[in-house]
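Enquirer: heads up, no residue letters with this:
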């Protein structure tokens, strides 16, 4: 059996409780991106191991519950959340245009679609004291679109799951590189504006 299927088989053995725990902790408490877990679940749905009408509610509930835990920690200023924020935003990422104090729900919504950035939304919402119902609404709206899409990919291309996982890894690298360039550009622009003000 191909080494890529170690993860699917583990998820199968853990069943829906494993899906709940693994997906809920993806990228925060467990070192497995949620996209890989969802693609695996789609693979198992195609193999008739899992029921899609159970998988989707379990996945959405797990994401909302675990994101709400991180949101609560951030809103209360817990040391763990503060340390996580300092680590995530160390490069000034929160100063990019993606983060808007005037449109926080838009920020929370779109962050879900960036692979590997799942934990940033709850941190942003918590530290900015956004009411939980608004945070929950934006989270459910985003995962209500994103989760079925990734499950569909895993289901449709289950015979090519290793290839899909490889593509996601490539996209992840390109996304991080693009964000790094954006951060460098933003820092350069800020320095340029500051120098112009000093000259004036």
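Expert: That came in fine, so what should we check first? Here the structure is a predicted model, which means the values were calculated and not measured.
Enquirer: what is the burial count for the residue nearest to residue 70 when sequence neighbours are not counted?
Expert: Excluding the flanking residues, the one nearest residue 70 by Cβ to Cβ, 6 or more residues apart in numbering is residue 122, at 4.0 Å. Using the backbone N, CA and C atoms, a C-beta is placed for each residue, glycine as well. When neighbours are counted by other Cβ atoms under 10 Å, residue 122 registers 27.
Enquirer: show me what contacts residue 122?
Expert: 67, 68, 70, 71, 74, 135 (Cβ atoms under 8 Å, 6 or more residues apart in numbering).
Enquirer: and which of those residues is nearest residue 118?
Expert: For the contacts of residue 122, the residue nearest residue 118 by Cβ to Cβ is residue 67; the value is 7.6 Å.
Enquirer: so how far is residue 126 from the closest one?
Expert: 10 Å (Cβ to Cβ, to the nearest Å).
Enquirer: mind checking the pLDDT average for the helix or strand harbouring the residue nearest to residue 70?
Expert: Taking DSSP states H and E as the definition, residue 122 sits inside helix 120-127. The average pLDDT within helix 120-127 is 89.
Enquirer: could you do stretch 40-51 as well?
Expert: Mean predicted confidence for stretch 40-51 is 85.
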